[in-house]
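> This is the structure alone, sequence omitted:
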């Protein structure tokens, strides 16, 4: 419930390593984040976008090796590769 922790979250997926990955718009569309949520509820920052846009549509390739995320404006899709094995924190 604390907007300083997470705010305007949407576009959620489950990562191959079992964490939730969430697109966070922060409400001001100046700095957006991809955040991870561990099974115990701890939150970590995965990526940050400084833009007058937002991140959307996060998902993973079938083999789990590539994460895709869209930048809403100007309409870009990013393909981000690991090393995801380092993300298996608990």
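Looks like it came in fine. Note that the structure is a prediction, hence the values are computed from the model and not measured.
> contacts, neighbours, all on C-alpha from now
Fine.
> Of all residues in this protein, which one is nearest the centre?
Centroid check for the chain by C-alpha atoms, centre = their mean gives residue 34 as the closest residue, at 2.6 Å.
> So that residue, which state does it fall into?
State at residue 34, reduced to three classes by DSSP: H, G, I helix; E, B strand; the rest coil: strand.
> Let me know the pLDDT of it.
Listed pLDDT for residue 34 reads 92.
> Who is it paired with across the strands?
Beta bridges link residue 34 to residue 23, residue 47 when assigned by DSSP bridges.
> List the contacts of it.
Residues in contact with residue 34, defined by C-alpha atoms under 8 Å, 6 or more residues apart in numbering, are 21-24, 45-48, 55.
> From the residues you listed, list just the buried residues.
Neighbour-count burial (16 or more other C-alpha atoms under 10 Å) is assigned, among those, to 21-24, 55.
> Am I right that residue 6 is in a strand?
No - assigned with three-state DSSP, residue 6 falls outside any strand and is coil.
> Touching, it and residue 23? I think so.
No - counting by C-alpha atoms under 8 Å, residue 6 sits too far from residue 23 to count as a contact (9.8 Å).
> those strands in the protein, which residues are they?
Ranges of strands in the chain, per DSSP state E, are 9-14, 20-24, 31-37, 43-50, 55-60, 66-71, 76-81.
> Which stretch among these is buried most, on average?
Compared across those, strand 20-24 shows the largest average neighbour count, a mean of 23 (mean count of other C-alpha atoms under 10 Å).
> can you list the weak-confidence ranges in this structure?
Of all residues in the chain, those with pLDDT under 70 make up the ranges 1-4, 26-29, 88-90.
> Next, count neighbours for the closest residue to residue 38 other than its chain neighbours.
Counting by C-alpha to C-alpha, 6 or more residues apart in numbering, residue 19 is the residue found nearest to residue 38 once chain neighbours are left out, at 5.1 Å. If you count neighbours by other C-alpha atoms under 10 Å, residue 19 ends up with 21.
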